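*Asks:* Based on what follows, work out the 3D shape:
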Amino acid sequence: MAKTHDDFVKELSMINPEIEVIGKYTRAVDRIEVKCKKCGKVWNPVAYSLTSGKSCPHCSAIRGSQKNTGITGAKTDKQFRDELRKLHPDIEPLDSYTSNKDSIRFACQRCGHEWSAKPYSLLQGHGCPRCAKSGTSFMEQFILLSFQKAIGKDNVLSRDKSLIGMELDIYIPDLHIAIEPGNWFLHRKSIKRDRRKRELCSQKQVDLITIYDKYPIAEEPPFDTDCITFSDDYNKADHSNIKNLVRQLFARTNIECFFSDDEWSEIENEAYDNALSKTHDNYVAELKEISPTIQVIGQYQNANKRLLVKCMTCGYKWNAVPANLLSGDGCRKCGSMIAHEKFLKTQEDFVKEVEIVNPTVEVIGNYTGRHSPIKARCKICGFIWEPRASSLLRGSSHKGSITMHKNLRLHNSST
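*Replies:* Okay, here's the model as predicted:
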């Protein structure tokens, strides 16, 4: 007999007395609107899940957070500050900690930068965005500082996520514009992401101006409007081009501002400082703590500019992305050797596998790797040869085996 609404309410009151039924019960597999009497949360679960013991997801999450002693668990303000100090002694919280997912302001004592972040992200290893320099460049800093000098620092936002939920390099709310400068070589692989940013900005009635330097001369810009491309590198020493770009952006946004030579120099110097906030010595010291077997040979410039490094274990040299090394990337050659050793078969395992895949072949040599030659003997004709180990696992035999074995069978049948 089908369960009525009253039957369901009565049954639920016995199993989950803290849940109030708001909607109308129809079937066990249909969703029904309910409310938690304890926290007030309203949600629409499948009816039978409630009579199976499922409770309020919000209250369950709170209980889980209270029991969680890890990074994402609930903490007091003092506990959070103590944990943060161990990981990032140079970073100070400016607001009181409430939960791991409620953003608060932080200040970097090394470079003076202030920003907002979710507390758990810092406990996971993320640090000051200016010191990390996750993608920033001299061009971005030059444009940002130029606008801040022209219309006021508080009117120009850097790395804002509040507008569209995605990071915008430069956002000027009063002018309803955002600016995304970048190197085409780096951005061409994320063109879909750039297009999505433009769509989201358009929905907010904000014009997103996209700028690509080092763009191929013969190619059309990827976007029809508000897309500026240049074939030159706008991070290089000759800053006449980037000054002209700023003037062009000022004209696009109806800003009348003319900087003196001294003011341009101030912008240049600060842009350099911001783009290179981490010194070579600081980077070397930080890398030594993370990967003591990697020696820095080249000169550190920023987190994304490759520099020459050397593995002190095997002597291999390569040009690495500095940020990747700080994230734990190590020597590729040593990594390949470790992976090779991890997947290398034992002699016994290889012999057994050949017996199954290639039963007419006997392994008589020592197995050293699937791409290395190994001595084998044909059980049919006695021929001995040294094929690659991988060919035996594919079922291959020696050269001319088909003809030789056919002639051998004919010979044996005639005698």
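
*Asks:* Do a quick rundown of the strands in the stretch 151-300 of the chain.
*Replies:* For the stretch 151-300 of the chain, strands defined by DSSP state E, counting those that start in this stretch occupy the ranges 157-160, 168-172, 177-183, 207-213, 227-229, 294-296.

*Asks:* what sits up against the third one?
*Replies:* With contact meaning CB atoms under 8 Å, 6 or more residues apart in numbering, strand 177-183 is reached by 135, 137, 139-140, 143, 147, 163, 168-172, 194, 197, 201, 206-214, 233-234, 249, 253. Glycine gets a C-beta too; all of them are placed from N, C-alpha and C.

*Asks:* Report the buried residues of it.
*Replies:* The neighbour-count check on strand 177-183 (16 or more other CB atoms under 10 Å) flags 177-183 as buried.

*Asks:* any idea of the mean pLDDT in stretch 198-206?
*Replies:* For stretch 198-206, the mean pLDDT works out to 95.

*Asks:* before we move on, what about stretch 239-258?
*Replies:* Here the average pLDDT along stretch 239-258 is 90.

*Asks:* Excluding its own residues, what touches that stretch? List them.
*Replies:* So stretch 239-258 is contacted by 139, 142-143, 146-147, 149-151, 172, 175, 177, 179, 209, 211, 228, 230, 232, 234, 264, 268 (CB under 8 Å, 6+ apart).

*Asks:* mind listing what's buried in that stretch?
*Replies:* If you call a residue buried by 16+ other CB under 10 Å, then stretch 239-258 has these buried ones: 239, 242-243, 245-246, 249-250, 253, 255.

*Asks:* CA atoms only for it, dumped as CSV, please.
*Replies:* Provided in CSV are the C-alpha atoms of stretch 239-258 (Å, rounded to 0.1, in the frame of the first residue of the first chain):
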residue,chain,number,x,y,z
HIS,A,239,59.9,51.5,-22.8
SER,A,240,58.8,53.9,-25.5
ASN,A,241,56.3,51.3,-26.9
ILE,A,242,54.7,50.6,-23.5
LYS,A,243,54.4,54.3,-22.8
ASN,A,244,52.6,54.8,-26.1
LEU,A,245,50.3,51.8,-25.2
VAL,A,246,49.4,53.6,-21.9
ARG,A,247,48.6,56.8,-23.8
GLN,A,248,46.4,54.8,-26.1
LEU,A,249,44.6,53.2,-23.2
PHE,A,250,44.1,56.7,-21.5
ALA,A,251,42.6,57.9,-24.8
ARG,A,252,40.3,54.8,-24.9
THR,A,253,39.1,55.6,-21.4
ASN,A,254,38.9,59.4,-21.8
ILE,A,255,41.6,60.1,-19.2
GLU,A,256,43.5,63.3,-19.8
CYS,A,257,46.9,62.9,-18.0
PHE,A,258,50.4,63.7,-19.1
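
*Asks:* Phi first, then psi, for residue 214.
*Replies:* phi 50, psi 40 (degrees, to the nearest 10).

*Asks:* State the distance from it to residue 184.
*Replies:* Here residue 214 is placed at a distance of 5 Å from residue 184 (CB to CB, to the nearest Å).

*Asks:* Residue 347 - nearest residue in space that isn't next to it in sequence?
*Replies:* Distances taken as CB to CB, 6 or more residues apart in numbering place residue 367 nearest to residue 347, at 5.0 Å, with adjacent residues excluded.

*Asks:* for the one you found, helix, strand, or coil?
*Replies:* coil (DSSP: H, G, I helix; E, B strand; the rest coil).

*Asks:* That one is in contact with residue 350, isn't it?
*Replies:* Yes: with contact defined as CB atoms under 8 Å, residue 367 reaches residue 350; the gap is 4.3 Å.

*Asks:* Which neighbours do the two have in common?
*Replies:* Joint contacts of residue 367 and residue 350 (CB under 8 Å, 6+ apart) are residue 389.

*Asks:* just to revisit the earlier point, JSON lines please, covering the strands of the stretch 151-300 of the chain and showing distance to residue 413.
*Replies:* What follows is the strands of the stretch 151-300 of the chain, written out as JSON lines (distance: least, CB to CB, whole Å):
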{"stretch": "strand 157-160", "distance to residue 413": "83"}
{"stretch": "strand 168-172", "distance to residue 413": "82"}
{"stretch": "strand 177-183", "distance to residue 413": "74"}
{"stretch": "strand 207-213", "distance to residue 413": "76"}
{"stretch": "strand 227-229", "distance to residue 413": "78"}
{"stretch": "strand 294-296", "distance to residue 413": "67"}
